[in-house]
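*Asks:* kindly generate the corresponding structure for this input.
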Amino acid sequence: MQIQTQQIEIPKLTNPNFSILMDIWTGLCDGRLAPAWRDVKLPTFPGKIIPFITVVDIVESPDQFSYRFWGTGHSRVKGIDLTGKSPQLLTPKAVADLVCEEFTQVRDNKIPMAFVHDIRPQPDEPSKIQETLRLPLSCDGQTVTNILSLADWQTDQTYWSNMYARLKTDSAAATL
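*Replies:* Sure, this is the predicted structure:
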C-alpha cells in the first residue's frame, strides 16, 4: 500500500459536509481558541455526518491519543471499533502513523487542519482520494485536549470497505 498525504486549505475540501462541520465548530468557539468537548453535542449534528466523526483524547502515554468517539461509519469501512483505543491499532501501520502525525500537527498548531490522502492499495491499482478535516478542542482555552475529525468515507463507501478488508487480510497474512 502506498499512501501520501498533503495538508490543504479547508475551503478546498470538496465534500459539503466539511463546511457544515466547520460552521458548527466555529459557532461553538464563541471567541475562544476552540470549543471544549463538553460544548460538543453530537446528537445535535446532522445525522449524515455523525457516523464519519471521530474524537480523540490527547493522553499522557506513549500512544498520545485515544479514541473517545468512533463513528459507526468508520466501523463499517474499517471493520473495527477503536473506541477507547489508540490510533496505533489502525492497519496498515502506515495509516496509523499518518493519522497520529496529523493529530500531532493539530495539537501543536492549535488550529483546524484539512488533509487529502492519496491511497494506492496495490501498485497496479489507481489511487483513491480521501479528505479529512481535523478540529482542535480545548477544555482550558489554551491547550488542545481533544481533536474532532470528519473523514469522507461516504463517497464510494463500498470501495473503501473492500479496500480495508483486503488490507486487513494482507496484513494478517504478512505476519504469519
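
*Asks:* which parts of the protein are helices?
*Replies:* For the chain, the helices defined by DSSP state H occupy 16-29, 72-78, 93-109, 157-174.

*Asks:* in the third one, what's buried?
*Replies:* The reference is to helix 93-109. By neighbour count on 16 or more other C-beta atoms under 10 Å, the buried set for helix 93-109 is 95-96, 98-100, 102-103, 106-107. All C-beta atoms are positioned from the backbone trio N, CA, C, and that covers glycine.

*Asks:* could you list the low-pLDDT ranges of the chain?
*Replies:* In the predicted model, the chain carries pLDDT under 70 at residues 153-176.

*Asks:* where is the longest strand in it?
*Replies:* Selection of the longest strand in the chain by residue count, based on DSSP state E, yields strand 128-137.

*Asks:* that one packs against which elements?
*Replies:* For strand 128-137, the packing partners by 3 or more C-beta pairs under 8 Å, 6 or more residues apart in numbering; DSSP states H and E come out as helix 16-29, helix 93-109, strand 113-120, strand 146-151, helix 157-174.

*Asks:* how about residue 106: what's its closest non-neighbour residue?
*Replies:* Nearest non-adjacent residue to residue 106, counting by C-beta to C-beta, 6 or more residues apart in numbering: residue 134, 4.7 Å away.

*Asks:* report how many residues lie close to that neighbour.
*Replies:* 23 (other C-beta atoms under 10 Å).

*Asks:* that one: what's it in contact with?
*Replies:* By C-beta atoms under 8 Å, 6 or more residues apart in numbering, the residues touching residue 134 are 102-103, 106, 112-115, 147-149.

*Asks:* and it, how far is that from residue 76?
*Replies:* For residue 134, the distance to residue 76 (C-beta to C-beta, to the nearest Å) stands at 21 Å.

*Asks:* then residue 88?
*Replies:* 21 Å.

*Asks:* got it, and residue 90?
*Replies:* According to C-beta to C-beta, residue 90 stands 15 Å off from residue 76.

*Asks:* neighbour count winner among those two?
*Replies:* Neighbours were counted for residue 90 and for residue 76 using other C-beta under 10 Å; residue 90 has more, 20 against 15.
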